[in-house]
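>>> model this:
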Amino acid sequence: MDSQALRLFLSLADNLHFGKTSREQHVSPSALSRSIKQLEDELGAPLFLRDNRSVRLTREGQQFRQYAQDVMNGWQAIRQTFKQDQQVLHGELSLYCSVTASYSFLYDILSSFRQNYPRIEMKLHTGDPAKAVERVQQELEDLAIGARPDSLPADVAFQPIARSELRFIGPQSPQLLSEEQLRQPSAESWKDVPLILSEEGLARTRTDRWLKSHNIKPRIYAQVSGNEAIVSMVSLGFGIGVVPQIVLDNSPLTARIRLYDIQPPLTAYDIGLFALHRRLKDPLIAAFWNRQT
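The predicted structure is shown next:
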């Protein structure tokens, strides 16, 4: 049996008139008769009693009518389900961010996103936030979270999420900076201060700019990848570092470091989401990008 045969049967069972049914279903009377006869042959029982003046359902026809209606209802339901499934976005997105960003932002972002798009799978990579723009440009990732550079590449779109101060930090013990060094940073007073800096990125750029403004030639103890490593080395007393406040807010080592109120402070930066402009047309990327805009 096919759905067309069941539709013809149900229409005839409602109309009890071959002519009217053939017109409504856009089939010839002979085609309608053949379809009903085929059903009866397959079932091994008559479905209609018909003569020159009337058409009536048999007892078997009445039973089959309920069966046919149930089948057609199920058929329509499964078709609607498949249609809806085709309209639901599904696939995989890759997202790059630092460990700190995964603590700070991802829960709120992904929890709401997953509710709206349960069939989009997220592939998360963590690493140095300084590489966020580069990884998006190289199409190693669909999206990335990082600090907005002073000069954003023309092909990269940016959506802000939060703003964070950049802070000078040192160990609780020993005290590596005196009050004079804090009040009047200079080449002479800072010449022996060990610094632990990022290898690259916005924090490194702004720290270098600050040092240059005071004519300080830095004594770099270590250059590391990732802000969390800077906090670890500073907490052990190896030197002075510069990290975003958001890193300190999420670090288990915060109690082991001290903040230095150095003037003028480093410029705060915006943290947000990166994607290539031309890829914002991709339905999956667009869904993530527009989740809150």
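>>> can you spell out the domain ranges of the protein, please?
Structural domains of the chain, as assigned by the TED database, span the residue ranges 1-84, 89-161+268-288, 165-266.
>>> want to throw those into JSON lines with mean neighbour count?
To be clear about C-beta, it is placed using only N, CA and C from the backbone, and glycine gets the same treatment. Listed next are the domains of the chain as JSON lines, based on neighbours: other Cβ atoms under 10 Å:
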{"stretch": "domain 1-84", "mean neighbour count": "14"}
{"stretch": "domain 89-161+268-288", "mean neighbour count": "17"}
{"stretch": "domain 165-266", "mean neighbour count": "17"}
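>>> can you list the ones you listed in a markdown table and add mean pLDDT?
What follows is the domains of the chain, written out as a markdown table (pLDDT from 0 to 100):
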| stretch | mean pLDDT |
| --- | --- |
| domain 1-84 | 88 |
| domain 89-161+268-288 | 90 |
| domain 165-266 | 92 |
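>>> ranges for the helices of this protein?
Counting by DSSP state H, residue ranges of the helices within the chain are 3-15, 18-24, 29-43, 59-87, 99-101, 107-116, 132-137, 179-183, 202-213, 227-235, 245-249, 283-289.
>>> quick one: the residue lying farthest from the centre of the chain from residue 18, how far?
When distances are taken from the C-alpha mean of the chain, residue 52 lies farthest, 67.3 Å away, according to Cα atoms, centre = their mean. For residue 52, the distance to residue 18 equals 11 Å [Cβ to Cβ, to the nearest Å].
>>> of all the helices of the chain, which one comes closest to residue 262?
Evaluated over those, closeness to residue 262 peaks at helix 179-183, with 5.9 Å, by Cβ to Cβ.
>>> which other helices and strands contact the closest one?
Applying 3 or more Cβ pairs under 8 Å, 6 or more residues apart in numbering; DSSP states H and E, we find helix 179-183 packed against no helix or strand.
>>> export it as CSV, just CAs?
Taking only C-alpha atoms (Å, rounded to 0.1, in the frame of the first residue of the first chain), the coordinates of helix 179-183 have been written out as CSV:
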residue,chain,number,x,y,z
GLU,A,179,57.8,53.1,47.0
GLU,A,180,60.2,55.3,45.0
GLN,A,181,60.2,52.9,42.1
LEU,A,182,56.4,53.0,42.1
ARG,A,183,56.2,56.8,42.3
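>>> just how off-centre is that helix within its chain?
Relative to the chain's own centre, helix 179-183 is displaced by 46 Å; criterion: Cα atoms, centre = their mean, to the nearest Å.
>>> and stretch 59-73, by the same measure?
In terms of Cα atoms, centre = their mean, the gap separating the centre of stretch 59-73 from the centre of its chain is 47 Å.
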